[in-house]
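> Predicted structure and sequence below. I'll ask about it afterward.
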Amino acid sequence: MKISLTPRARYAALVERLEAASGAAADMYGCPSCGSQDNLHVWLDDKGLGVKCFTVGCAVQGVASLEAALDAYEGTSEDAPEPPGTPADFVVTDDALDNLARYCGVERSAVEGLPVEDGGKGEYVVVFPSGARKRRHWTGRAKYTWDADVKPRPVWPVDAQMPEEAWFTEGETDCIVLRSLGIAAYSLGSASDSAGVEVWEALRSRGLKRAVIAGDADEAGREATAKRMRDALAAGLRVASVVPPGYDPLTGAHKDWRAWHLDGETDVPEPTGTGVVLTMDEYLAAHEGDRVEWAVEGIAAFGTVSMLAGPMKGGKTTLMENAFRLVGGTEDAFLGRWSVAEGLEAALFTEEGAITVRQNMGHLPIHVVSRRDRIPSRWSLAEAVSEALDWASERPRALVVFDTYDKWAGIKDENAVGENVAAIETFYALAEAGAAVLLAHHSRKGGGEYGEGIRGSGAILGAVDHAVELKYVSPTSDRRHLEMHGRLVENSRRLLDFDRETMTYSLVDEADEYADDMLAKASLVPSKAEDPDGVNNAALNALWDSKDGKRTRDKLLEMGYLVRSDELVKVGRGQEWRYWRATLPVIKFTRPSEATDGQ
């Protein structure tokens, strides 16, 4: 019959078994499953008994899994040759410091003078400022045990006067390796060890100004590095990071500095952030080849992610079709004026089926992928981008269009910032390969100004390099406004005209358009020959169907399209100006925004 133990009794039984396995009492234990040095935490609180191993991927994440691991461990041979991390050909002598030096691949002089003691049997003991003692075992199951449960124990060694810049590793052996290479290095313990803001404040009070976090290169190490950098920065320190070069996540090679050094490496890389603030001339010289190069002028540039947004059935597909017509090289210009890159090749990743593709795009020299063909296989965004990368990698002038963004990205909540940012970052894999990426998307039903008309989270506009919005000029007009926002051009609005016969949009010269509109207003005003008395302001408002035509009147006078009486005309008890349409030739008006300096 199985006896059910209380949580306290079960906790005591587990601790007794762990102490027997590791050979000493401890706060953090060696894990009998993964063999980690001191990553296993067992605790008892008012919520009950808890167990967690902090080693990434370890199966021990609860009481039952720990008991199973202990059962397996206790059933193994007692003469295990060495704990994890000890090389099979490593010869242990009675000289603890010599063992430590050889284990790190350094000269004995590199460990002499450090707070390390001989623990007998060739085992070394790392002594912390708080009195905590960490013993290295060469035989048995546990790699490390703590001789005393004393806290704090985060930093090793600690100097009364710290250098202005110091490197901080995940373990003592990594620290010793870097010190042997002439670097002021200190250990912060494993990735699971806490080194909060107060620790960094204490180090700062001892003279530290810049902390270089030299953690392990694996995922757990990088996560710990990120947290330690945040804490150090919060303590008022300057921070940087560096990892062992050449880390292979499949084999674990070069995961830490000791492994890197034992492979014969000695050239320590510069930390991130070293010398990155350049003069403008230095920066531009370093990025000489990085310039905006349009795949389709105003719409999509190579090496960037752009978005084309517009109302449903509002002309986005027609605008893209107009650009696709020019793929492969023609003498025509996009929108009648803008260029398309020479040698451009385009791929359309569409949500439409074969009938719609044939109807709208069947005449075009482009490549096509239909999402509807991929639905049975549940094609993910990553798979679609990977397919696009394969296609673009063989084409130096590639334009990839995803229509529509939300369908290909698999967005469940268009207002979720994180979901949208993560999706757009996935598209950047294509841009970083040099392709021009264009995401077709819908605009809000209510519209919006300054890029806010894009449907969904406002983070979408910030996440892309360039955004173009297609908007109705009026509900019944074929004309559209093309608004551009982002980092590639100044925010601007262009007017597009639509030719139903050729099904093409074209840019309208708004200066000429403005002049024509003003001329049309002036034509409603009679000339002196037609009305010698002229018309007053009230009559002008009636002709232009305007409550206040003062701005139009003054602009027409400036343009020379209207003339005014030489003096005020007396009417009843008051006076007023009279106006006529000009009969003399007029000089074409140019708006200041369209003018060219010096011409």
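Perfect, thanks for sending it. Numbers count the residues shown, from 1 in each chain.

> Tell me where the stretch 401-550 of the chain has helices.
In chain order, the stretch 401-550 of the chain shows helices spanning 405-409, 417-432, 459-463, 510-523, 537-543, 550-559, with DSSP state H, counting those that start in this stretch as the criterion.

> Who are the packing partners of the fifth one?
Translated: helix 537-543. Applying 3 or more C-beta pairs under 8 Å, 6 or more residues apart in numbering; DSSP states H and E, we find helix 537-543 packed against helix 550-559. Quick note: C-beta positions are derived from backbone N, CA and C, even for glycine.

> So for the helix it packs on, what gets flagged as buried?
For helix 550-559, a neighbour-count test (16 or more other C-beta atoms under 10 Å) marks 552, 553, 556, 559 as buried.

> mind putting those residues in JSON lines, distance to residue 189 included?
Shown next, in JSON lines, are the buried residues of helix 550-559 (distance: C-beta to C-beta, whole Å):
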{"residue": "552", "distance to residue 189": "76"}
{"residue": "553", "distance to residue 189": "80"}
{"residue": "556", "distance to residue 189": "80"}
{"residue": "559", "distance to residue 189": "78"}
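
> of these, the lowest pLDDT goes to which?
Ranked by pLDDT, these bottom out at residue 559 (72).

> Next one: it from residue 541, what distance?
Distance of residue 559 to residue 541, computed by C-beta to C-beta, to the nearest Å: 19 Å.

> Single out the most deeply packed of the helices of the stretch 401-550 of the chain.
Of the helices of the stretch 401-550 of the chain, the one with the most neighbours on average (mean count of other C-beta atoms under 10 Å) is helix 405-409, at a mean of 22.

> Other residues contacting that helix?
307, 349, 351, 371, 381, 384, 402, 411, 414, 420, 423-424, 426-427, 439-442, 456 (C-beta atoms under 8 Å, 6 or more residues apart in numbering).

> tell me the centre residue of this structure?
The centre of the chain sits closest to residue 425, judged by C-alpha atoms, centre = their mean, with a distance of 5.8 Å.

> Local confidence estimate at the closest residue to that one other than its chain neighbours?
Of all residues not flanking residue 425 in the chain, residue 463 sits nearest, at 7.5 Å (C-beta to C-beta, 6 or more residues apart in numbering). For residue 463, the model assigns a pLDDT of 86.

> which residues does residue 463 contact?
Residue 463 sits next to 305, 420, 421, 424, 425 when contact means C-beta under 8 Å, 6+ apart.

> Now do it against residue 426, distance only.
Where residue 426 is concerned, residue 463 sits at a distance of 11 Å (C-beta to C-beta).

> I'd like the contacts of residue 463 as TSV, with pLDDT appended.
Listed next are these as TSV, based on pLDDT from 0 to 100:
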residue	pLDDT
305	95
420	88
421	90
424	92
425	93
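
> ok, so of these, who is nearest residue 520?
Closest approach to residue 520 among those (C-beta to C-beta): residue 305, at 41.9 Å.

> C-alpha coordinates for stretch 475-484, CSV please?
Provided in CSV are the C-alpha atoms of stretch 475-484 (Å, rounded to 0.1, in the frame of the first residue of the first chain):
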residue,chain,number,x,y,z
PRO,A,475,-17.8,59.2,-54.0
THR,A,476,-18.8,59.6,-57.7
SER,A,477,-15.4,60.5,-59.2
ASP,A,478,-12.9,58.2,-60.9
ARG,A,479,-10.1,60.3,-59.6
ARG,A,480,-8.0,59.3,-56.6
HIS,A,481,-5.6,60.9,-54.2
LEU,A,482,-2.3,59.1,-53.7
GLU,A,483,-0.9,59.9,-50.3
MET,A,484,2.6,58.9,-49.3
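
> for that stretch, the distance to its chain's centre please.
33 Å (C-alpha atoms, centre = their mean, to the nearest Å).

> Buried residues, it. List them.
Going by neighbour count (16+ other C-beta under 10 Å), the buried part of stretch 475-484 is 480, 482, 483, 484.

> So of these, which two are at opposite extremes in space?
Going by C-beta to C-beta, the pair spanning those furthest: 480 and 484, at 13.0 Å.

> So the closest residue to residue 341 other than its chain neighbours: helix, strand or coil?
Residue nearest to residue 341 in three dimensions, not counting chain neighbours: residue 295, with 5.0 Å by C-beta to C-beta, 6+ apart. Three-state assignment for residue 295 (DSSP: H, G, I helix; E, B strand; the rest coil): strand.

> tell me, how many neighbours does residue 295 end up with?
With neighbours defined by other C-beta atoms under 10 Å, the count for residue 295 comes to 27.

> and if you look at the one 3 residues further on?
The criterion is other C-beta under 10 Å. On that basis, residue 298 has 22 neighbouring residues.

> Could you do residue 207 as well?
Neighbour count of residue 207, defined by other C-beta under 10 Å: 13.

> count of neighbours near the closest residue to residue 199 other than its chain neighbours?
Closest residue to residue 199 apart from its sequence neighbours, by C-beta to C-beta, 6+ apart: residue 154 at 5.3 Å. The number of residues packed near residue 154 is 24, by other C-beta under 10 Å.

> just to revisit the earlier point, restricted to strands, list the contacts of helix 405-409.
307, 349, 402, 439, 440, 441, 442 (DSSP state E).

> Would you mind giving these as a markdown table with pLDDT and distance to residue 102 added?
Listed next are the ones in strands among the contacts of helix 405-409 as a markdown table, based on pLDDT from 0 to 100; distance: C-beta to C-beta, whole Å:
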| residue | pLDDT | distance to residue 102 |
| --- | --- | --- |
| 307 | 92 | 59 |
| 349 | 94 | 58 |
| 402 | 95 | 57 |
| 439 | 94 | 57 |
| 440 | 92 | 63 |
| 441 | 90 | 62 |
| 442 | 85 | 66 |
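
> thought residue 98 was touching residue 109?
No - between residue 98 and residue 109 there is no contact under C-beta atoms under 8 Å: 11.3 Å.

> residues contacting residue 303?
With C-beta under 8 Å, 6+ apart as the criterion, the residues that contact residue 303 are 290, 293, 431, 432, 434, 435, 436.

> From residue 386, how far out is it?
Distance of residue 303 to residue 386, computed by C-beta to C-beta: 18 Å.

> just residue 47 next, same as before
45 Å.

> cool, and residue 582?
To residue 386, residue 582 is 66 Å away according to C-beta to C-beta.

> With residue 178 instead?
From residue 178 to residue 386 the distance is 39 Å (C-beta to C-beta).

> Looking at those two, which is more packed in?
Shown here are residue 178 and residue 386; by other C-beta under 10 Å, residue 178 has more neighbours (24 against 14).

> if we can go back for a sec, now a ChimeraX select for only the buried ones of the ones in strands among the contacts of helix 405-409.
Filtering the ones in strands among the contacts of helix 405-409 down to the buried ones (16+ other C-beta under 10 Å) takes a single ChimeraX command:
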select :307,349,402,439,440,441,442
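
> what about stretch 276-291, start to end distance?
Start-to-end span of stretch 276-291 (C-alpha to C-alpha, to the nearest Å) is 20 Å.

> ok, residues contacting that stretch?
Stretch 276-291 is contacted by residues residue 303 when judged by C-beta under 8 Å, 6+ apart.

> Pull the distance from it to the chain's centre.
Relative to the centre of its chain, stretch 276-291 is centred 21 Å away, using C-alpha atoms, centre = their mean.

> Repeat that for stretch 465-482.
The chain centroid and the centroid of stretch 465-482 are separated by 30 Å, computed with C-alpha atoms, centre = their mean.

> Between its first and last residues, how far does that stretch reach?
In stretch 465-482, first residue to last residue: 17 Å (C-alpha to C-alpha).

> Over to stretch 113-124?
For stretch 113-124, the first and last residues are 14 Å from each other (C-alpha to C-alpha).

> Go through it and flag the buried ones.
114, 116, 119, 122, 123, 124.

> Could you work out the most separated pair of the residues you listed?
Farthest pair in these (C-beta to C-beta) is 114 and 122. Separation: 17.2 Å.

> Please tell me how far residue 540 sits from residue 521.
9 Å.

> How about residue 378?
For residue 378, the distance to residue 521 (C-beta to C-beta) stands at 59 Å.
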